[in-house]
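Engineer: Starting from these lines, generate the structure:
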Amino acid sequence: TSEKRRPNTDKMSKLSRELLRQHIEDMINESKEANRKFTETVELQIALKNYDPTKDKRFSGTLRLPLAPKPQLKVCVLADAAHIEEAQKNGISFMDQDTLKGMKKQKKLVKKLAKSYDAFLASDTLIKQIPRLLGPGLNKVGKFPTLLTHSDDMVAKIEDVKATIKFQMKKVLCLALALGNVAMTKEELEKNIVLAVNFLVSLLKKNWQNVKSLIIKTTMGRPHRIY
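Structural biologist: Below you'll find the model as predicted:
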């Protein structure tokens, strides 16, 4: 385990906190001046180098951030009877087994369902049936449900899902993910960004030697290079 811990000190030093803070400040100020009619998301754009997606092992990893980047994320619970009750009590969107059976392998309906929500949870009693009922539709768009057991607190689990980000290497050398929004404080944004960057670097084969550039930007704002 000491092996794994050792690179962390190196990781921290590569990201200049001073530069990062300056860019976060500029980015927030630009967003305020632009006075857009919605809360802009803050995105991290990553360009990799010395990486061959066809040969090198593709990496993936999930990280729970201290604060949800998109608190407005729409989540639906594919629920059994007990979870339906809990969802109703908390005003959470749900779908029961009969509704799912009605969609059985109907690609258009499954596609529409996948588009309607950002993420899904599924009762432990139902999760194994999802591929049979809905086919690979949710999986294809990276929205296969997260397991929800009866000992879980549904509201807390949804908060977890909203705050969890996923790094996944595809066939290209660029990645982009939402790490926050302009309603957050500068400190909150800094915390999310630093954690996410260090986690990403820990997934890479050669750590910082695989990072070409790191850019942060708001939805409509200009890019700010932080590395």
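
Engineer: Of all residues in the protein, which one is nearest the centre?
Structural biologist: By Cα atoms, centre = their mean, the chain has its centre lying nearest to Ile165, at 2.7 Å.

Engineer: So that residue lies in a strand, does it not?
Structural biologist: Yes. Assessed with DSSP: H, G, I helix; E, B strand; the rest coil, Ile165 lies in a strand.

Engineer: list the contacts for Leu19?
Structural biologist: Neighbouring residues of Leu19 by Cβ atoms under 8 Å, 6 or more residues apart in numbering: Ile226. Yep, even glycine has a C-beta here, placed from its N, CA and C like the rest.

Engineer: ok so, going back, check whether the residue nearest to the centre of the chain really touches Ser60, as I assumed.
Structural biologist: No. Using Cβ atoms under 8 Å, Ile165 is not in contact with Ser60; the gap is 11.5 Å.

Engineer: if we can go back for a sec, looking at the residue nearest to the centre of the chain now. What's its pLDDT?
Structural biologist: Ile165 is assigned 89 on the pLDDT scale.

Engineer: ok, now Tyr51?
Structural biologist: So, for Tyr51, pLDDT stands at 85.

Engineer: cool, Val161 as well?
Structural biologist: Taking Val161 on its own, its pLDDT is 90.

Engineer: The one 10 residues further on too?
Structural biologist: In the prediction, the pLDDT value recorded for Lys171 is 77.

Engineer: same deal with the one 4 residues further on?
Structural biologist: With respect to pLDDT, Leu175 scores 87.

Engineer: Name the residues of the host helix or strand of it that come out as buried.
Structural biologist: Per DSSP states H and E, Leu175 falls inside strand 174-181. Residues 177-181 are the ones in strand 174-181 that count as buried (16 or more other Cβ atoms under 10 Å).

Engineer: which ones are touching the nearest residue to Leu44 once chain neighbours are set aside?
Structural biologist: Nearest non-adjacent residue to Leu44, counting by Cβ to Cβ, 6 or more residues apart in numbering: Leu179, 4.9 Å away. By Cβ under 8 Å, 6+ apart, the residues touching Leu179 are 42-44, 65, 69, 165, 189, 192-193, 196, 216.
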